[in-house]
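Colleague: Got a sequence here, can you model it:
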Amino acid sequence: MRYLVFSLYRRSWQSTFTPLPQRTYSSLSGNKHLINFAKQASLVTKDPVWDLVSQLKREREDGQIRDALKRCNIQFLDYVLWKHVVHSPDLNTALTAIEQRPSIAGQFPGDHSVNVREHALRLPAWVILSLLCHKVRTAQDAQDGLLRLTFEHSWSLSSYDRPALFILSTHALAHFDILTPMREIVKQFLARVIRFPTFHFNSLLRAISGFTRSEEAAKLVVSVLEAMSAREVPLWLETYQLLMRDRFVTLQLTKVLQAKMTHEGVVPTAEHLEAFLRIFSKHGAVQDSQEYLHAIRRYCIEHNLTAPYGPDVHLRGADLSGTTHPANTLYIGSLRDDRVSAFHYLHKLLQLEAADNPKPAKSVPAPSSRHASTKFWSGTKTNVDIFDWTTALVSAANDKQTSVSTLITLFERARERTKQFRPNIVTYTVMLRGLLFRGAIEEALKMWNQLLDSEILLDRKALTVGVQILTRAGHPQDAFYLLNSFMDAQRTSSHPVSLPDGKHVAPATHHWINIIVINEFMASLLLIDRPDVIFQLWDHLEQLYSVLPNQVTLNILLKAALLATKMDNESVRGTFAHLFGMPTVESSNPIDLIMEQLQDAHPPPVVGIWRARRAGDVAREIFCSMMYGNWKQLLGVKAPASVVRSKDAEATPLYPLVELAKSITVPFSARKDHDAQLKIIIADDRSLAKPNPYLSIVPTNVTFSAYIQLLGFTGRASEISLALAWMRALQIHPSRKTLSIALVFWAEVSLRGPLFEAWAERRNKGESEYERLLKWMTEWVGEEAPTEADIQKALRVVAKLRDSSFGGP
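Modeller: Numbers count the residues shown, from 1 in each chain. Purely as a prediction, here's the structure:
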């Protein structure tokens, strides 16, 4: 459901914050994915445990549960022993009861109670499955209790039940977008013999498709697909379709699925053809889109369905048979980077429509389909409409050569001349994004107000661009108010929410505010130099919006910490605050606190103090706690190179003499003791390694690039080589830019002056710590190691970073 919008411009506000309930995960009785899995599991495995699990959602009279227990060959005594666990009020209480089971077992007599003691010690499958289906209700449950059940008790399950454990866990983790544990879950799933492999493999892939699109999720799918190919397990057609949903699929994964279909001789259904065209169109892959538009024409002809026009109707001598079709709209989308071709194709469609002389489509030879479907496209389309026009408008909005005035003229003329092209919410969103892309903030704000006056219902994408516009136009308080108004409507979804001017927000039927909306708000705050607000949003993210941070959120936070440090270094008050500290404002109401911060759109004199500490130190602590907490193996990873001097060593009076002595007496190959060098750092970071911190974040090359820049800018360049070692250990492929910037900062702590370097090289005939790291990089990435040209570009990036004109992401 969408929202009726209201004007926020120059309005007064008053906080009405109440603590938000944690985002809950629907139980088996309400979650359609779990219901489908349970039904299919019952049909495929013939296991009556699924009926028992369904009945255990609520506590029943013992007599009512006996029949289900009997069908499962479960003794009633077992049920009595575990009844208090299954019907615990929450997952934490259930786990506490499970942990107490050894003491419970010890209470039974030793002579005739061996079986009873075994039952008390071994966690039955039906108990685990019941807890996963009914007690995982919050993100905290998923990050803690669910993982304990999954990894600590999977050993007690047979090959018959273990796959279901991993699949149910994946469904719950996908609901909260907690992706980090999935590597281990997939690894354990693939490491064991699986009964009913076709059902369980396809079910796991369906569960993974519930995650938001990411490279990590795509890699997981590819690893499962490779295992299926090796074991000759078929991929269901419905699984193909789920994996190709917009919310999940990446272009690379699409090509993997395309190749798998071809290799296994699977003829795509109508839904698959539509999905392939949609994905390739979205990514501007023109040739692939043409191929699938032709395939759709062939399919329609074979099954006596309305065929679309071909992709070449605007060319001389082309086949003009067909009619206006949704597939044509998608094809226009593939021309998003070619404004001339997009509008030329749209113009030709209008000409064909005006001719009002549809010609029957000619027969096109194609292989017969063993998966024929009588239905191709949902909905109907009879002529060129606003969707075609809006799709063509995207190409103009993406074209940098299209001026602001030209873009606005295109929009206005279409709106004024024909009712057929009356703009909808998508059209406005495309225009607003195009204006933001050009930095035309005033024009974007004017069009945003025009959208509000039109009373067109907002969708999530329009809300996101509205938040961006208000923030960048100097009204971040309005943007924050808009977010919280929508969140309030989401929280009280059963009742409309009263808003200024006597208007209302219609009730929400699903979670409206997601992490993408928040990330765009935070990125906009970064552009207007408000890192202080970003820090508060990070601290209260789940409390305010019931969402967990992802890698993009962390990227923004790291950039905000760097920007805050830079801004404070350039002011006297900021410098004093970093030297002597300053009190931080505390408030039990985060909305009031942030609203107060945003009273003035301009940043305060000091922005780099967070949690009564330097923002750079806090951000680094968050990053390290995430790395060591989520990947314990990193505790054993050592830096491939060491520092030879402090970055600020040049400031000491005897610096030249000290360097001369070192160049004579200390060879390059004799590195400083690694353990002594990083002793304090490692000890501090290990103390921060809390269990499972920020499991929703899977770091990428971009994340590490931001972290390395923060280290270099805040005087911690000595830790850069360790950060690179983490990347390698986690198999995160670095870009040349990331490696180049790392080398530039690393040179500041691993190289002496040219004279001392030359002297030491002649005397000691060793390699410098800089060369040691460069050699290690080359062994890691091979020919993708930075070149001299890359280093020169990185030098300019670092210089710009340190220049007073630097700002934003």
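
Colleague: pLDDT below threshold where in the stretch 501-650 of the chain?
Modeller: Along the stretch 501-650 of the chain, the model assigns pLDDT under 70 to residues 501-511, 572-587, 645-650.

Colleague: Then the chain?
Modeller: For the chain, counting by pLDDT under 70, the residues that fall below are 1-30, 102-121, 356-380, 417-420, 493-511, 572-587, 645-692, 752-767, 804-809.

Colleague: Sort out which residues of the longest helix anywhere in it are buried, please.
Modeller: The single longest helix within the chain, with elements called by DSSP state H, is helix 551-569. For helix 551-569, the neighbour count (16 or more other C-beta atoms under 10 Å) marks 551-568 as buried. From N, CA and C alone the C-beta is placed, and that goes for glycine too.

Colleague: show me where the stretch 251-400 of the chain has strands.
Modeller: For the stretch 251-400 of the chain, no strands are identified by DSSP state E, counting those that start in this stretch.

Colleague: and what of the stretch 601-750 of the chain?
Modeller: With DSSP E, counting those that start in this stretch as the criterion, the stretch 601-750 of the chain has strands spanning 609-610, 613-614.

Colleague: Find the one among the ones you listed with the highest mean neighbour count.
Modeller: Ranked by mean neighbour count under mean count of other C-beta atoms under 10 Å, the strands of the stretch 601-750 of the chain are led by strand 609-610, which reaches a mean of 22.

Colleague: same for that one, what does it pack against?
Modeller: Strand 609-610 sits against helix 551-569, with contacts defined as 3 or more C-beta pairs under 8 Å, 6 or more residues apart in numbering; DSSP states H and E.

Colleague: and the helix it packs on, how far from the chain's centre?
Modeller: 19 Å (C-alpha atoms, centre = their mean, to the nearest Å).

Colleague: Can you dump the C-alpha atoms of that helix in CSV for me?
Modeller: Written as CSV, here are the backbone C-alpha positions of helix 551-569 (Å, rounded to 0.1, in the frame of the first residue of the first chain):
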residue,chain,number,x,y,z
GLN,A,551,28.1,-2.8,4.0
VAL,A,552,26.9,0.4,2.3
THR,A,553,26.0,1.8,5.7
LEU,A,554,29.4,1.0,7.0
ASN,A,555,31.1,2.6,4.0
ILE,A,556,29.2,5.8,4.7
LEU,A,557,30.1,5.7,8.4
LEU,A,558,33.8,5.3,7.6
LYS,A,559,33.7,8.2,5.2
ALA,A,560,31.8,10.3,7.7
ALA,A,561,34.5,9.6,10.4
LEU,A,562,37.2,10.7,7.9
LEU,A,563,35.2,13.8,7.0
ALA,A,564,34.6,14.7,10.6
THR,A,565,38.3,14.4,11.4
LYS,A,566,39.2,16.6,8.5
MET,A,567,36.6,19.3,9.4
ASP,A,568,37.8,19.4,13.0
ASN,A,569,41.4,19.6,12.0
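
Colleague: about what we covered before: want to throw the strands of the stretch 601-750 of the chain into TSV with distance to Leu95?
Modeller: Formatted as TSV, the strands of the stretch 601-750 of the chain follow (distance: least, C-beta to C-beta, whole Å):
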stretch	distance to Leu95
strand 609-610	34
strand 613-614	34
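
Colleague: Compare those and give me the one nearest Glu621.
Modeller: Glu621 sits nearest to strand 613-614 of all those, at 8.6 Å, using C-beta to C-beta.

Colleague: Within the sheet, what are the partner strands of the closest one, with directions?
Modeller: Strand 613-614 has its sheet partners listed here by DSSP bridges as strand 609-610 (antiparallel).

Colleague: Just give me how far the strand it pairs with sits from the chain centre.
Modeller: With C-alpha atoms, centre = their mean as the basis, strand 609-610 stands 27 Å off its chain's centre.

Colleague: what do you get for stretch 171-187?
Modeller: On C-alpha atoms, centre = their mean, the centre of stretch 171-187 falls 12 Å from that of its chain.

Colleague: Same check on stretch 694-705?
Modeller: 10 Å.

Colleague: Could you pull out the buried residues of that stretch?
Modeller: Those would be Tyr694, Leu695, Ser696, Ile697, Val698, Pro699, Thr700, Asn701, Thr703, Phe704, Ser705, for stretch 694-705 by 16+ other C-beta under 10 Å.

Colleague: what's near enough to touch the closest residue to Glu271 other than its chain neighbours?
Modeller: Of all residues not flanking Glu271 in the chain, Gln241 sits nearest, at 5.3 Å (C-beta to C-beta, 6 or more residues apart in numbering). By C-beta atoms under 8 Å, 6 or more residues apart in numbering, Gln241 lies in contact with Thr269, Glu271, His272, Ala275.

Colleague: ditto for Ser229
Modeller: The contact partners of Ser229, by C-beta under 8 Å, 6+ apart, come to Lys260.

Colleague: that's a strand at it, yeah?
Modeller: No: according to DSSP: H, G, I helix; E, B strand; the rest coil, Ser229 belongs to no strand; its state is helix.

Colleague: Summarise which helices and strands the helix or strand Met487 falls within is packed against.
Modeller: Using DSSP states H and E, Met487 sits within helix 476-491. Contact here means 3+ C-beta pairs under 8 Å, 6+ apart; on that basis helix 476-491 packs against helix 460-472, strand 497-498, strand 504-505, helix 515-527, helix 541-545, helix 590-597.

Colleague: residues in contact with the fifth one?
Modeller: In this case it means helix 541-545. Helix 541-545 is contacted by residues 19-20, 22, 139, 483-484, 487, 513, 518, 537, 547-549, 553, 590-591 when judged by C-beta under 8 Å, 6+ apart.

Colleague: so what's Leu179 up against?
Modeller: Neighbouring residues of Leu179 by C-beta under 8 Å, 6+ apart: Leu173, Phe211, Ser214, Glu216, Ala217, Leu695, Ser696, Val698.

Colleague: Can you classify it as helix, strand or coil?
Modeller: What three-state DSSP gives for Leu179 is coil.

Colleague: How about it: what's its closest non-neighbour residue?
Modeller: Nearest non-adjacent residue to Leu179, counting by C-beta to C-beta, 6+ apart: Val698, 5.1 Å away.

Colleague: you'd agree that neighbour is up against Thr553?
Modeller: No: taking contacts as C-beta atoms under 8 Å, Val698 lies outside contact range of Thr553: 11.8 Å.

Colleague: For Gly439, give me the backbone phi and psi.
Modeller: The phi/psi pair for Gly439 (degrees, to the nearest 10) reads phi 70, psi 20.

Colleague: For it, the count of nearby residues, please.
Modeller: Close neighbours of Gly439, defined as other C-beta atoms under 10 Å, add up to 11.
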